[in-house]
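how would this look folded up:
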Amino acid sequence: MRLKKIMLYSSIVAAAAVALTTSPMLGEMIATTAPFGMGLSGLKHGWLSASPGLDLDYENVAFPTSDGLTLRGWFFPAENPTAPAILYAPATAHDQRQGLSLVTPLHQGGYHVLLFSYRGQGSSDGNRFNFSYGARESYDIDAAVRYLSETRGLQKIGAIGHSAGAVSIILSAARNPSLDAIVAAAPYTTLADIWQHNRPAFFPQVLYNLQLRLFELRKNFSRNQVRPLDVIAQIAPRPVMLVHGLADERITIEQADSLYQAADYPKHRIWLPTATHAQVRSPGLDSLSSQIIRFFDASLRDRQVTGSWPSLNP
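Sure thing, here's the model as predicted:
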């Protein structure tokens, strides 16, 4: 009887140890995988069969990455063929549909708009379980910029991104002079910072560090590739606008302020007093669409902007 109890307790301890070790990996996989819905009906033909659901003309588009994958999305043309273009970079576990609510105001503002999905998301090529927090996704931004500048022949290009999408456009713009202005909503300073800030209190630090290393090995990237804090100053003299929610519990105001301080001029910031991480995107960016258009008008069209930028100094 005593041996049976010992074996039972040992099994419970072993099961708990396995759960403790693997739960972050399972949670991370779930949290970083975009919905399956968009691409299923188009997978047979490798194409997006879904429509954006807006009363606007659009094109299904596809363009290559530098490592041979094909990314797919929607292009909404402006009335003026030489108008600037704005691309949207989705957050973690989102595809191009996350940018839909911004299309109409940007189109009304006279901009071409490109929505696309990263590799492995939507109907784009790639491993859907290999999201890299901006390391590879920033090269997908590079591919989208090349498509707009070289294939469509557009001279001025801006970008809007949320969370990992904001990180991706910062990393891309720092090395890519063809990206002329960015609006980065709720970016994190570094992958290591966001990882540590969101560590559950019950989870041992040593095991947590091990899990991050396992993610890097499984997904074949390095946390050192995701350090927007180190490169955001390289975007200048192109303008940057940072947007952050003061109720964001995933990314601290200290991180947002560090990014703002590290950025060089011209730079702007809008701190939303009650917005959580998700609310920075919606309704946050949606409610700021007029200010965002003013920012792009000044940055991409050299239009004089009167008045001050709305901001909250925390």
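
what is the end-to-end distance of stretch 82-91?
29 Å (CA to CA, to the nearest Å).

ok, stretch 122-139 next?
17 Å.

now that stretch: buried residues?
Neighbour-count burial for stretch 122-139, counted by 16 or more other CB atoms under 10 Å, picks out 122-126, 128, 130-139. Placement of C-beta: from N, CA and C, glycine included.

and for stretch 142-160?
Going by neighbour count (16+ other CB under 10 Å), the buried part of stretch 142-160 is 142-149, 152, 154, 156-160.

could you give the bridge partners of Ala159?
Here Ala159 sits in beta bridges with Leu87, Ile182, as judged by DSSP bridges.

distance check, it against Gly68.
Ala159 sits at a distance of 23 Å from Gly68 (criterion: CB to CB, to the nearest Å).

follow-up on the earlier one: list the ones among the buried residues of stretch 142-160 that fall in strands.
Applying DSSP state E to the buried residues of stretch 142-160, the entries found in strands are Ile157, Gly158, Ala159, Ile160.

what's the most distant pair in the residues you listed?
Among those, the pair separated by the greatest distance (CB to CB) is Ile157 and Ile160, at 11.5 Å.

overlap in contacts, those two.
Taking CB atoms under 8 Å, 6 or more residues apart in numbering as the criterion, Ile157 and Ile160 both touch Ile86, Leu87.

which one of the ones in strands among the buried residues of stretch 142-160 is nearest to Leu242?
Nearest to Leu242 among those: Ile160, at 11.9 Å, using CB to CB.

pretty sure that closest one is touching Pro90, no?
No: between Ile160 and Pro90 there is no contact under CB atoms under 8 Å: 10.2 Å.

mutual contacts of the two, please.
Joint contacts of Ile160 and Pro90 (CB under 8 Å, 6+ apart) are Gly99.

for Trp195, give me its contacts.
Shown in contact with Trp195 (CB under 8 Å, 6+ apart): Tyr208, Leu212, Arg223.

give me that answer again for 6 Å
When contacts are counted by CB atoms under 6 Å, 6 or more residues apart in numbering, Trp195 touches Leu212.

so which strand or helix has it?
Here Trp195, judged by DSSP states H and E, is contained in helix 191-197.

which parts of that helix are buried?
For helix 191-197, the neighbour count (16+ other CB under 10 Å) marks Leu191, Asp193, Ile194, Trp195 as buried.

if we can go back for a sec, rank the buried residues of stretch 122-139 by pLDDT and give me only the lowest.
Within those, pLDDT reaches its minimum at Arg128, with 85.

helix, strand or coil: sort out it for me.
Three-state assignment for Arg128 (DSSP: H, G, I helix; E, B strand; the rest coil): coil.

how about it, phi and psi?
Note on Arg128: its backbone torsions stand at phi -70, psi -10 [degrees, to the nearest 10].

with the buried residues of helix 191-197 in mind, which one is nearest to Ser168?
Nearest to Ser168, judged by CB to CB, of the buried residues of helix 191-197 is Leu191 at 11.9 Å.

if I look at the closest one, how far off is Ile182?
Noted for Leu191: a distance of 19 Å to Ile182, by CB to CB.

show me where pLDDT drops low in the stretch 101-250 of the chain?
Applying pLDDT under 70 to the stretch 101-250 of the chain picks out residues 201-202.

what about the helices in it?
137-146, 164-175, 191-197, 205-219, 228-231 (DSSP state H, counting those that start in this stretch).

so can I have JSON lines of those helices showing distance to Pro283?
Shown next, in JSON lines, are the helices of the stretch 101-250 of the chain (distance: least, CB to CB, whole Å):
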{"stretch": "helix 137-146", "distance to Pro283": "24"}
{"stretch": "helix 164-175", "distance to Pro283": "17"}
{"stretch": "helix 191-197", "distance to Pro283": "23"}
{"stretch": "helix 205-219", "distance to Pro283": "32"}
{"stretch": "helix 228-231", "distance to Pro283": "25"}
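
in contact with Ala144: list those residues for me.
Ala144 is in contact with Leu87, Phe116, counting by CB under 6 Å, 6+ apart.

ok, 7 Å please
With contacts defined as CB atoms under 7 Å, 6 or more residues apart in numbering, Ala144 is in contact with Phe63, Leu87, Leu114, Phe116.

which of those residues lies closest to Arg269?
Arg269 lies nearest to Leu87 out of the contacts of Ala144, by CB to CB, at 21.5 Å.

can you report how many residues lie near that closest one?
Look at Leu87: counted by other CB atoms under 10 Å, it has 28 neighbours.

show me what contacts it?
Per CB under 7 Å, 6+ apart, neighbours of Leu87: Leu114, Ala144, Leu148, Ile157, Ala159.

distance to His277 added to the residues you listed, as JSON lines?
As requested, the contacts of Leu87 are exported to JSON lines (distance: CB to CB, whole Å):
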{"residue": "Leu114", "distance to His277": "24"}
{"residue": "Ala144", "distance to His277": "24"}
{"residue": "Leu148", "distance to His277": "28"}
{"residue": "Ile157", "distance to His277": "27"}
{"residue": "Ala159", "distance to His277": "20"}
